[in-house]
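Engineer: Sequence first, then the predicted structure, then my questions.
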Amino acid sequence: MQQQAESIRMEERFRAKDVPELTIVSDLDLTMVDHDDPSHQSLLNFNSLWAAEYSHNSTLVYSTGRSPQRYRELKRQVPLLTPAIVVLSVGTEIFYGKSLEPDLSWIKLLDEGWDRDIVLEEAKMFPQLRFQEDSEQRPHKVSFYLDKQDAARVQEELFSRLKQRGIDVKLIFSGGTAFDVLPKMGGKGEALAYLMRKMKKEGWLSKNVLVCGDSGNDTELFLVEGVKGVIVSNAQEELIQWYSSHNFVNNIYHASERCAGGIIQALEHYDFGPYNPPRKRIKEPELQSGRLLDIGSAKREVIEFNLFLEMWLCGHIPDSDQNYQRVVEVIDNGATMIYPWGRQSSLKESLDLVRQKHGLMSGKNFMTWIDNIEEKKLAEGVYLVTWESWEKFNGGEHKGYYATAILLSKEKTPNGVQWLRVHETSRNDE
């Protein structure tokens, strides 16, 4: 009954879409997220590219060593999109959707042959092992700090002692200091293989799967059958050495860009689909030539329209009537705007006010991103788009709102549509 119920829930998650064209499975820290770049430019570029070009027919998965608590902390700190699936605690916890619904079948599999108490008992025999924070101790993961010079000997001896007590485990040392003890079936690779089997059985396995990583605990991802991989340019030495010692010419790409920039490079390398971020297309309009009205056109317009306004406010687009025509030309004469506080006005009048604020946010590390965007065709040439809009500046907290828009088809516009109505609603869950 449990497996049947989970199958129904997975079908409900994907039934509105065709079989996904692409699944991206990415580590977070220093793969998707560049902690050395406070502007998060490459992540924002990936966000807008994914939302505009892939979200309607592809699946985003995060696979990280972070616990649920630390994952939620990261979501509050950086502009992360909400994935369809998130694999946490080094492949020992799988959750679905915004509500983080746990995969109970995966928990049951990991329970087989696992005894956390015995692991703790044996680990105490090694003074070199220092417990990580309480938040990182999970039902199927026991985590320590371990000095690199002690790693090989401790791993060998601990594995042997646990084997003698009838416990089969997987030991993962990564980042030069992190040491995790998992059930034998645990790990990022096993979790991904499990998800792919599950999705294949139910008819939702993507045609292409791209895995992305930067450290030793990502090696398993690259070994899953049927995937392509990208190692970002800032990858740690342990992963580079592993890559160099194997022949992965055809299925692993070593990017020349850091973090999310490397993931975008991989989209081009493997010819998975569009790879020019909307920000670049706005600055180089010729990249938009030849487009046809298709599924996702209204979503693409929402992404590019909002990104243009951000770039205008930051002064990244020269102040001219010709440039501002990009947003004016896609507004219906009778278009209206309802603000979160309830005021309604002409959308063109609202844009006139923004027109006067060119460069207002310059130097304030202002960033915006759109999450959970969905498009629905209401009638021929009429589209409903819903999304969550977020903004942040000068390192402050995220602020956001829900938005709904009606767009109509119109020829000779950048995305083949024009705006008719926008309604923004305040968030009460921030």
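Structural biologist: Yep, it's here.

Engineer: Give me the longest strand you can find in the protein.
Structural biologist: strand 367-379 (DSSP state E).

Engineer: outside of it, which residues touch it?
Structural biologist: Here strand 367-379 makes contact (Cβ atoms under 8 Å, 6 or more residues apart in numbering) with 39-40, 44, 47-48, 51, 55-56, 79, 81-82, 98, 295-296, 298-299, 302-303, 306-307, 310, 383-393, 406. Every residue, glycine included, has its C-beta placed from N, CA and C.

Engineer: Give the partner strands of that strand in its sheet and their orientations.
Structural biologist: Here strand 367-379 is paired, per DSSP bridges, with strand 382-392 (antiparallel).

Engineer: tell me the mean pLDDT for the partner strand?
Structural biologist: The pLDDT scores in strand 382-392 average 97.

Engineer: Kindly report the same for stretch 326-342.
Structural biologist: Averaging pLDDT along stretch 326-342 yields 95.

Engineer: likewise stretch 25-35?
Structural biologist: In this model, stretch 25-35 has a mean pLDDT of 98.

Engineer: Stretch 202-219 too?
Structural biologist: For stretch 202-219, the per-residue pLDDT averages 94.

Engineer: can you list the weak-confidence ranges in the stretch 301-430 of the chain?
Structural biologist: 428-430 (pLDDT under 70).

Engineer: ok now do K184, which residues does it touch?
Structural biologist: Counting by Cβ under 8 Å, 6+ apart, K184 has contacts 113, 168-170.

Engineer: if we can go back for a sec, any of the contacts of strand 367-379 buried? List them.
Structural biologist: 40, 44, 47-48, 51, 55-56, 79, 81, 296, 298-299, 302-303, 306-307, 310, 383-392, 406 (16 or more other Cβ atoms under 10 Å).

Engineer: ok, now which residue in the chain is the farthest from the centroid?
Structural biologist: The C-alpha centroid of the chain is most remote from Q164, which lies 40.8 Å away (Cα atoms, centre = their mean).

Engineer: I'd like the distance from it to E157, if you could.
Structural biologist: 11 Å (Cβ to Cβ, to the nearest Å).

Engineer: what does P274 give?
Structural biologist: Distance check for P274 against E157: by Cβ to Cβ, it reads 51 Å.

Engineer: Could you do G359 as well?
Structural biologist: In terms of Cβ to Cβ, G359 sits 62 Å off from E157.

Engineer: now D147
Structural biologist: Remark: distance between D147 and E157 (Cβ to Cβ) = 15 Å.

Engineer: strand partners of the strand or helix carrying F179, parallel vs antiparallel please.
Structural biologist: For F179, the host element (DSSP states H and E) is strand 178-183. Note on strand 178-183: by DSSP bridges, its sheet partners are strand 142-145 (antiparallel), strand 169-174 (antiparallel).

Engineer: how about the last one: buried residues?
Structural biologist: Put plainly, it is strand 169-174. So strand 169-174, judged by 16+ other Cβ under 10 Å, has buried residues 169-170, 172-174.

Engineer: Quick one: mean pLDDT over it.
Structural biologist: In the prediction, strand 169-174 has an average pLDDT of 94.

Engineer: Ok, the shortest one next?
Structural biologist: Strand 142-145 carries an average pLDDT of 97.

Engineer: For that strand, buried residues please.
Structural biologist: Buried residues in strand 142-145, counting neighbours by 16+ other Cβ under 10 Å, are found at 142-144.

Engineer: Stretch 421-428 too?
Structural biologist: Buried-residue list, stretch 421-428, by 16+ other Cβ under 10 Å: 421-424.

Engineer: and if you look at stretch 405-415?
Structural biologist: 405-410, 413-415.

Engineer: cool, and stretch 349-365?
Structural biologist: Neighbour-count burial for stretch 349-365 [16+ other Cβ under 10 Å]: 350-351, 358, 361.

Engineer: Pull that stretch out as CSV, backbone CA atoms only.
Structural biologist: The C-alpha coordinates for stretch 349-365 follow below in CSV (Å, rounded to 0.1, in the frame of the first residue of the first chain):
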residue,chain,number,x,y,z
GLU,A,349,1.6,54.1,-15.8
SER,A,350,3.5,51.8,-13.4
LEU,A,351,6.2,51.3,-16.0
ASP,A,352,6.4,55.1,-16.5
LEU,A,353,7.4,55.4,-12.8
VAL,A,354,10.1,52.7,-13.1
ARG,A,355,11.4,54.5,-16.2
GLN,A,356,12.4,57.4,-14.0
LYS,A,357,14.3,55.2,-11.5
HIS,A,358,17.1,54.1,-13.8
GLY,A,359,20.2,53.2,-11.8
LEU,A,360,18.4,53.6,-8.4
MET,A,361,19.7,50.2,-7.1
SER,A,362,23.2,50.7,-8.6
GLY,A,363,25.9,49.5,-6.1
LYS,A,364,23.4,47.9,-3.7
ASN,A,365,24.0,44.3,-4.8
